[in-house]
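>>> Could you look at this predicted model? Sequence included:
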Amino acid sequence: MAGLLSAALLEIRMLAFRPDLSRHPDGHLAEIHLIADVCHNLPRAAAVRAANGFDPFVYMWQTATADQQRWLSGHLKSLGVDHRYLVQNPSWPPPVTTPAQRPRLARRGWRIPRNPGGFVAVDTAKLGELVREAHALEPSGRKSPEWTIAHLRPEGQHILRPSRLGEPLFLPDGPGDLRQYRGLIQMRDGATVVDHLRIRESSFASLPAKLSPIDRWLLAAAPYGSRERDVYLWGRDHRSAEPDCSQCLALALASASASAGTPRSRPEL
């Protein structure tokens with residue numbers, strides 16, 4: 001894992017400094033994206049989850065594109081890793097379960113409600129305002145929220161609550177009162193997916209609930225698991241199904257224009 005991450009970081013820095021070295025037909029930004037995309041799950045792939053036999057490396061391989069598999073194969077071979085088991089492993093069903101918003105009368109279909117008062121609902125305009133406010137406080141270089149905002153359902157309702165101890169924490173708290181929140185957000189096709197959003201604690205605290213006490217109790221009693229569909233997986237499906245999406249193209253053009261207008265400096269080694 002460390003060898004793959006090291007190779008990915010070196011290649012991304014090289015491509016950022018020398019775009020002419022890219023071998024991708026769509027240019028260096030596309031090559032950087034495919035490397036970063038396939039490494040998305042690497043930090044959590046250090047061990048097999050024995051509870052259900054899920055091997056994160058197998059899942060990473062099976063969800064990779066052909067170009068990403070070639071990248072992985074080349075680097076694993078150079079590291080002396082026998083990766084035949086990745087190719088030979090039976091297909092693992094992808095985690096595309098829609099996150100539950102209500103308990104079910106079934107085994108593991110509910111849990112003891114925990115902090116029902118922590119749930120709030122916001123519309124798309126308000127969610128965009130919250131994440132943009134938070135992003136303005138982030139250190140430079142953090143991923144922009146604009147792609148997600150552009151693909152939200154305009155009339156959608158999104159459910160937020162504070163992240164809890166034991167849940168994945170993608171970034172530490174701060175700077176200031178930035179905190180991570182678990183969101184059930186509605187995408188443009190109507191799908192509800194999980195996202196882990198950075199929002200100011202003070203801004204979240206000022207939000208009206210816009211949910212009835214019963215709705216908040218049902219949300220608190222709904223189960224969740226490791227196979228929920230998140231915004232990352234929705235994005236993969238979306239790019240595959242709609243390669244000519246107008247929002248994606250507009251954001252790519254804006255990003256390319258911003259990169260072209262920024263003087264390139266030699267990265268520190």
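Structure received.
>>> Tell me the spacing between the residue nearest to the spatial centre of the chain and residue 213.
Centroid-nearest residue in the chain, with C-alpha atoms, centre = their mean: residue 232, separated by 3.9 Å. Separation of residue 232 from residue 213 (C-beta to C-beta, to the nearest Å) stands at 33 Å. (Glycine included, C-beta is placed from N, CA and C.)
>>> what do you get for residue 250?
41 Å.
>>> what's the neighbour count on residue 158?
A total of 21 residues lie near residue 158 under the criterion other C-beta atoms under 10 Å.
>>> So what pairs up with it in the strands?
Note on residue 158: beta-bridge partners residue 122, judged by DSSP bridges.
>>> quick one: contacts for it?
121, 122, 123, 124, 127, 152, 183, 184, 185, 186 (C-beta atoms under 8 Å, 6 or more residues apart in numbering).
>>> hmm, 10 Å instead?
120-124, 126-127, 130, 152, 183-186, 192, 195, 197 (C-beta atoms under 10 Å, 6 or more residues apart in numbering).
>>> What is the nearest of those to residue 221?
If you rank the contacts of residue 158 by distance to residue 221 using C-beta to C-beta, residue 184 comes first, at 14.3 Å.
>>> The closest one sits in which helix or strand?
Here residue 184 sits within strand 178-186, counting by DSSP states H and E.
>>> That strand packs against which elements?
Judged by 3 or more C-beta pairs under 10 Å, 6 or more residues apart in numbering; DSSP states H and E, the packing partners of strand 178-186 are strand 120-123, helix 124-135, strand 157-162, strand 192-200, helix 201-205, helix 231-241.
>>> and residue 224, which of these is closest to it?
Nearest of those (C-beta to C-beta): strand 192-200, 7.9 Å.
>>> show me where pLDDT drops low in the stretch 151-269 of the chain?
225-226, 258-269 (pLDDT under 70).
>>> Next, the contact list for residue 235, please.
37, 147, 148, 151, 187, 193, 248.
>>> got the residue ranges for the helices in the stretch 1-150 of the chain?
Listed in chain order, the helices of the stretch 1-150 of the chain (DSSP state H, counting those that start in this stretch) span 2-17, 28-38, 56-62, 66-78, 84-88, 124-135, 146-150.
>>> Widest-spaced pair of the contacts of residue 158?
130 and 192 (18.0 Å).
>>> Would you tell me which of the helices and strands packed on strand 178-186 gets closest to residue 78?
Checking the helices and strands packed on strand 178-186 against residue 78 by C-beta to C-beta gives helix 231-241 as the closest, at 26.5 Å.
>>> could you give the angle of the next helix-or-strand element following that closest one to helix 28-38?
Per DSSP H and E, helix 231-241 leads on to helix 246-260 as the next helix or strand towards the C-terminus. Using axes from the mean of the first three to the mean of the last three C-alpha atoms, to 10 degrees, one finds that helix 246-260 and helix 28-38 are set 120 degrees apart in direction.
>>> Helix 2-17 and helix 246-260, what's the angle between them?
For helix 246-260 against helix 2-17, the angle by the same axes, to 10 degrees is 70 degrees.
>>> Okay, buried residues for helix 246-260 please.
By 16 or more other C-beta atoms under 10 Å, the buried positions in helix 246-260 come out as 248, 251, 252.
>>> burial measure for residue 215, as a count.
Per other C-beta under 10 Å, the neighbour tally for residue 215 reads 17.
>>> sorry, that was for residue 175
Using other C-beta under 10 Å, residue 175 has 9 other residues around it.
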